[in-house]
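K.L.:
after the sequence you'll find the predicted model.
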Amino acid sequence: MLDVSREVAFARSAFQWRGSVRPDFAHAEADGEESVWDYPRPPVAMPEWRLVQVYADRRLVADTEEAVRVLETGHPPLVFLPPDDIEWEWLQDSGVAAESIWLGQGTWYDLVIDGERIERVAWSYQRVYPEYADLQGWVAFHPARLHCVLDGESVYPQQGELGGWITRGVIGPFKGGPGSEDW
């Protein structure tokens, strides 16, 4: 377990939006939609009961109905899968650290199939902050690098390197583009 250092506490305090007030630039949701501007900060982890599938060129890399969504103000959900529902023989530790001021510290994974490598397709936190202990060792896949599907719907990635899953029912604008660093 990680302790929240003074530096991490300072970084956490720097965000302008915390889900309690929606900014003027946020879109209003329609029936059946949820705004990322209503998500809390610090983030919350919730069960995702819909079928989650991840493919690499039509090969099923991960498949579960027991995922967890992490919801944070301004971000499309991150989706974490239990390690038992992943085809680990195709994933290799990339040697690149993954770090979140909210969730913890871990590593990125590359996918290697038939000699072809796709870099940084997934990440996992091996050391977590206490409030996210249940996510230790779970794996999130980056929808910009693999084909991610949520209950039959193809997922779109958020802009940048943040790895959020955008679907029809989630509206923004989304953190990740230029000028959104302090959202």
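P.N.:
Perfect, thanks for sending it.
K.L.:
residues in contact with the longest strand seen in the chain?
P.N.:
In the chain, taking DSSP state E as the definition, the longest strand is strand 116-128. If you take CB atoms under 8 Å, 6 or more residues apart in numbering as the criterion, strand 116-128 is touched by 1-2, 56, 83, 91, 94, 96, 98, 100, 103-112, 132, 135-142, 145-146, 163. C-betas here are computed from N, CA, C, even on glycine.
K.L.:
just give me the residue right at the centre of the chain.
P.N.:
The C-alpha lying nearest the average C-alpha coordinate of the chain belongs to residue 78 (CA atoms, centre = their mean; 2.3 Å).
K.L.:
how much space separates the closest residue to residue 134 other than its chain neighbours from residue 143?
P.N.:
Using CB to CB, 6 or more residues apart in numbering and skipping residues adjacent in sequence, the residue nearest residue 134 is residue 45, 6.6 Å away. Using CB to CB, to the nearest Å, residue 45 is found at 19 Å from residue 143.
K.L.:
more neighbours: the two, which one.
P.N.:
The neighbour comparison of residue 45 against residue 143 (other CB atoms under 10 Å) goes to residue 143, with 24 against 18.
K.L.:
does that one touch residue 157 like I think?
P.N.:
Yes. Using CB atoms under 8 Å, residue 143 is in contact with residue 157, at 4.2 Å.
K.L.:
now the helices for this structure?
P.N.:
6-13 (DSSP state H).
K.L.:
show me the shaky parts of it.
P.N.:
Applying pLDDT under 70 to the chain flags no residue at all.
K.L.:
alright, that wraps it up for me.
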